[in-house]
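> need a structure here:
(3 chains)
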Amino acid sequence: MSASTSTVSRRPWLLGSYAALVFAFIYLPIIVLVAYSFNRDGVGGFPPRHFTFAWYRQLFADSAIWDSVVNSLIVAAGAVVLSLTLGLLAALALDRADFPCKSLFRRLVLLPLILPGIITGLSMLMFAVIAGFQRSLILVFFGHGTALISVATTELFAGLQKMDRRQEEASLDLGATPWRTFWLVTLPNLKLSLIAAGLLIFTLSMDEIAVTFFLIGSESTLPLEIWGRLRRGITPEINAISTLILVVSIILIAIWYHLRTRNEHD
Amino acid sequence: MHGARLDTLPPYKRGVNTVFQHYALFPHLNVSENVAYGLQAANTPKAEITMRVNDALAMVHMEEFAAAKPTRLSGGQQQRVALARALVNRPELLLLDEPLSALDANLRKEMQSELKSLQREVGITFLFVTHDQEEAMALSDRIALLRNGTLEQVASPREIYARPATAYVAQFVGQTNLLRADVRNGIADCGAFRFSCSRANGAAIFSLRPEAISLDTDSLRLADSVRFSASIRQQIYSGATELLELQTTSNLVLRARIASPAQLSGSHDFVFAASDAVAVSE
Amino acid sequence: MNFIYSRTYKALVTLPPILWVSLFLHLPYLMMLLHSFWAVRDGVIVDRWNFDNYATLFKNPLYLQVLFRTARIAASVTLLSVLLGYPVAYFLSFHAGPRKEILYQLVIVPLWVSYLVRGYAWKTILGSDGVLNGFLQYLHITHGPVSAILYSPFAVVLMLTHIYTPFVFLPIYASLEHIPRPLIEASQDLGASPRKTFFRVILPLSLPGLLAGATFAFVLSPGDFLAPLLVGGPSGTMIANLVQSLFGAAYDWPLGAAISVFILVITVALLAVTQRVEKHWSFE
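Numbers count the residues shown, from 1 in each chain, chains lettered A, B, ... in the order given. Here you go, the predicted model:
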């Protein structure tokens, strides 16, 4: 029996056209953005007429933007390390230890994921002000790292649940210490989850505004720098940097899919 | 059906209902809603739906589960609901796609006999798809045996067993010995022995059931008895009968099923009736 | 099951994350909660316990107006995201054939693209000298720039719908993919038309995914304070913008905290309710 499911609807082409329109809606802004980064006459007007690299040249000479890029990279890299470390411990704790209020903790650790960023950002701001911390890039790093523990815990907990516990039992049975077992069995098994979580945290941190907005001092991260310029008016330079961000995002996605499919074929 | 092709009609216009392999009961509807599904699709009046659903559930003894969700039911119960859901529409043909394959052995036997009596009761043609030849033999009035999508033989179970049309059918339904023989003037020669047949000259294949062969001790000698001697290579005890693996002097290996449990060894004489060797095509 | 790990091991993995998260995440949330019951006197925050902040939120007509607008925008975004996301998920699940995997990736790739970048793109499209106006004039549909598009609640809805459609798509697609295909064959076999099959089998079985997606959009869109600033203008101000200004220029942390707690409570309550309903609706 293999009645084809194409009989579900008699007019798939109607549905197909609708789906095509939705895809157009999703991709329209991205295409417009890229197209106008090469438009000599700036953002706006139709159609874009004169091709130019001028905005990219201007962008590469713009040291303020590149300072903010460096700041963002530092914060994101730090956030990845901090949240992966604590997230891994939290995932291990949830997977294999029992402690009071365990299920409550599992829910509470997810709060930054389900709450609007502004609430997390403002809560941290209050804490920082009362504890006497200066608003600074370091504070942003702590903020991102702490809020993104939620992502790390979720991803790594899922990875641990899929893992074959018997491998660890075998390792301990063969006389390896828990510490060796952790490094030689547990971590290699979690490699893919760790990379996935790391990439996701890195991307989220690079793009974060709400928490950054309230914790930053005099420095700037890339999103905040763009944000500040937007308030002064739009320039194709922003299109250019956005296009570069897009390219980097796509490269990251490609790396991720490559790693995942290679791992599936092993 | 009625001379019309079914494969070109959309499934919802075919007048055929199906009991699916894993029942495919709707998990979000309860038992009576499941059974009512087809009638509602056909815009049957409400009162009639209630009546027919109740009848159908009574027929499969599932009245008390009318309000239950299918996921709460056992395999056998789900099977009954699936039957009721199909039969309530009074199809001209009921297609059962390996309906018992998901059940354990005991329940399967029980459902087989239930299905058979149910079919007699409702009088609808059941088209029962199965890979289990025993099940097919037990349930069917007529068996259509398919191999890779082509029809090998259509006949009653007895006919299929006694007169298989092809070597494949003979091997698929029960055990058999396939004898490759050379026929010349009504005599088939397969090296170890010869027997008379009604085939044209040339190479031929015959199917000889293991139970057609018996020890040539005190058995009745018929006109067409064929005798041969063979040594016993292996003896497998299976309760009422025993399966012997025989090797003739010309190295032909045959299986015989005999009804005399005793330890045998060495060489013995065996006999079968020439009419039991059925000519089959390749 | 956990016997293979020693007490030391369990303590080592449990204590650091719990202490860290409690101190640097949950304590700040708790401070937010405490502040919402305090007050400002002469420009100083004092711990005078009261419910006035919450009362203000529901009494001040300005706040009520923003509250209702936020709810309206969130509901519109949710509805539009479902209307865009569901048919695409349905098409991919049932009709895309071998192109399914690549189309699926195409839907989720924008999730990786910077939020700010996408918001900015809408600004350049909708602005009065933006791409849309240029396009309309190019086609001679309009002759001067139409300025009513940007800086309106509509622009906020459009931008947020764009952001949340892929999020809504994901759980719907997952639930459609989980429907056992024999159920659809069974429905057709029992004489149901494609329409009936959709409304009686496919739609009910995909409701948990639909609900998850819709909740996600409805819960997250009100907390967005950037979209209104970017494309909403004064008429598109949402509740998160109130919070922002109360913590900033207006310096009324207790009131801002009360509104934050209100958002938090609504969010958690909605998620809890839908989680229960989803559980009730899932038929595994």
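> quick one: secondary structure of the spatially most central residue of chain B?
For chain B, B:Ala136 is the residue whose C-alpha lies nearest the centre (C-alpha atoms, centre = their mean; 2.2 Å). Using DSSP: H, G, I helix; E, B strand; the rest coil, the structure places B:Ala136 in helix.
> now do B:Leu244
What three-state DSSP gives for B:Leu244 is strand.
> Report the separation between it and B:Ser225.
Counting by C-beta to C-beta, to the nearest Å, the separation of B:Leu244 from B:Ser225 is 18 Å. Every C-beta, even on glycine, is put in place using the N, C-alpha and C of the backbone.
> Could you point out which residue ranges in the chain have low pLDDT?
Went with chain A since none was named. Counting by pLDDT under 70, the ranges of chain A that qualify are A:1-11, A:44-45, A:264-266.
> not what I meant, chain B
Short version for chain B, where the test is pLDDT under 70: B:1-14, B:218-222, B:260-261.
> how about the helices in it?
Here chain B has its helices, by DSSP state H, at B:31-41, B:46-59, B:75-87, B:105-122, B:133-139, B:157-162, B:167-172.
> To A:Ala91, which of the ones you listed lies closest?
Between A:Ala91 and the helices of chain B, the tightest spacing by C-beta to C-beta is seen for helix B:75-87, at 37.9 Å.
> Return the residues in contact with the residue of the stretch 51-200 of chain B found nearest chain A.
Relative to chain A, the nearest point of the stretch 51-200 of chain B is B:Asp97 (5.2 Å; C-beta to the nearest C-beta). Shown here is B:Asp97, whose contacts under the criterion C-beta atoms under 8 Å, 6 or more residues apart in numbering or on different chains are A:Met1, B:Thr18, B:Val19, B:Phe20, B:Gln21, B:Val129.
> For PyMOL, write a command that selects the buried ones of these.
PyMOL command restricting these to the buried ones, with burial defined by 16 or more other C-beta atoms under 10 Å in any protein chain shown:
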select buried, chain B and resi 18+19+20+21+129
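> The contacts of B:Asp97 into a markdown table, with extra columns for distance to chain C?
Shown next, in a markdown table, are the contacts of B:Asp97 (distance: C-beta to the nearest C-beta, whole Å):
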| residue | distance to chain C |
| --- | --- |
| A:Met1 | 7 |
| B:Thr18 | 5 |
| B:Val19 | 9 |
| B:Phe20 | 5 |
| B:Gln21 | 7 |
| B:Val129 | 14 |
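> follow-up on the earlier one: of all the helices of chain B, which one is nearest C:Ile239?
Set against C:Ile239 and scored by C-beta to C-beta, the helices of chain B come closest in helix B:31-41, at 43.0 Å.
> Just confirm yes or no for that closest one near chain C.
Yes. Under the criterion of C-beta under 8 Å from any C-beta of the partner chain, chain C is reached by helix B:31-41 at B:Tyr37, B:Gly38, B:Ala41.
> Spell out whether that helix and chain A are in contact.
No. Counting by C-beta under 8 Å from any C-beta, chain A has no neighbours in helix B:31-41; the shortest distance is 14.6 Å.
> same question, stretch C:256-274
Yes. Stretch C:256-274 comes into contact with chain A (C-beta under 8 Å from any C-beta), by way of C:Gly256, C:Ala257, C:Ser260, C:Ile263, C:Leu264, C:Thr267, C:Val268, C:Leu271.
> what are the phi and psi angles of the first one?
Taking degrees, to the nearest 10, you get phi -60, psi -40 for the backbone angles of C:Gly256.
> Ok, the second one next?
Reported as degrees, to the nearest 10, the phi and psi values for C:Ala257 are phi -60, psi -40.
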